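1. sharing a model prediction with you, sequence too.
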Amino acid sequence: MSEEKIRVLVAKPGLDGHDRGAKVVARALRDAGFEVVYTGIRQTPEMIAEAALQEDVDVVGLSILSGAHMTLCPKVVQLLREQGQEDVVVLVGGIIPDEDVEKLRAAGIQGVFGPGTSTQEIVEFIRQAVRERGQG
């Protein structure tokens, strides 16, 4: 394939210090041929949106286990949109109760992935979402 590489920012918003899952996903995305930027733990929504802008990413993947997803994830989407990054695909993985999934989607999160999701499912979701947006 001669298409341009998909650029993905993987970030851990909030005070959650456990990043093993985020690192596993980041590695799988790299192995699938994506360019991956991992920002590390304890990132604010502002730091994540700024990194997305600076790195010119196609996708922002948020990993959150702390329970603050209903506050932090919509804030990241809002900041991205305020910066003119309307085409950035935003997804979240982690501990997300079923009753919050539709609320997150309504807030602009395109993909929600819980524990046990295969990395291949995430890779395929990203490829499809970027294709649909005409970025990749």
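-> Structure's in. What do you need?
2. ranges for the strands of the chain?
-> Assigned by DSSP state E, the chain shows strands spanning 7-11, 35-38, 59-64, 89-94, 111-113.
3. contacting residues around Asp58?
-> For Asp58, the residues meeting the contact criterion (Cβ atoms under 8 Å, 6 or more residues apart in numbering) are 6-8, 87-89, 130, 133, 135-136. Every residue, glycine included, has its C-beta placed from N, CA and C.
4. same thing with Val130?
-> 6, 58-59, 89, 136.
5. related to what we said a few turns ago, among the contacts of Asp58, who's most crowded?
-> Within those, most neighbours by other Cβ atoms under 10 Å means Val8, with 28 neighbours.
6. follow-up on the earlier one: among the contacts of Val130, which one has the lowest pLDDT?
-> Of all those, Gly136 carries the smallest pLDDT score, 49.
7. ok so, going back, could you dump the contacts of Val130 to TSV with distance to Glu99?
-> Converted to TSV, those look like this (distance: Cβ to Cβ, whole Å):
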residue	distance to Glu99
Ile6	31
Asp58	29
Val59	25
Val89	23
Gly136	32
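8. so which of the residues you listed comes closest to Ile126?
-> Lowest distance from Ile126 to the contacts of Val130 (Cβ to Cβ) belongs to Val59, with 5.5 Å.
9. name whatever forms a beta bridge with the closest one.
-> Per DSSP bridges, the residues bridged to Val59 are Val8, Val89.
10. show me what contacts it?
-> 6-9, 88-91, 126, 129-130.
11. still on that earlier bit, need the strands of the chain in JSON lines (columns: distance to Thr44).
-> As requested, the strands of the chain are exported to JSON lines (distance: least, Cβ to Cβ, whole Å):
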{"stretch": "strand 7-11", "distance to Thr44": "10"}
{"stretch": "strand 35-38", "distance to Thr44": "16"}
{"stretch": "strand 59-64", "distance to Thr44": "12"}
{"stretch": "strand 89-94", "distance to Thr44": "16"}
{"stretch": "strand 111-113", "distance to Thr44": "21"}
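12. indicate which one of the ones you listed is closest to Ile48.
-> Closest among the strands of the chain, using Cβ to Cβ: strand 7-11, at 4.5 Å.
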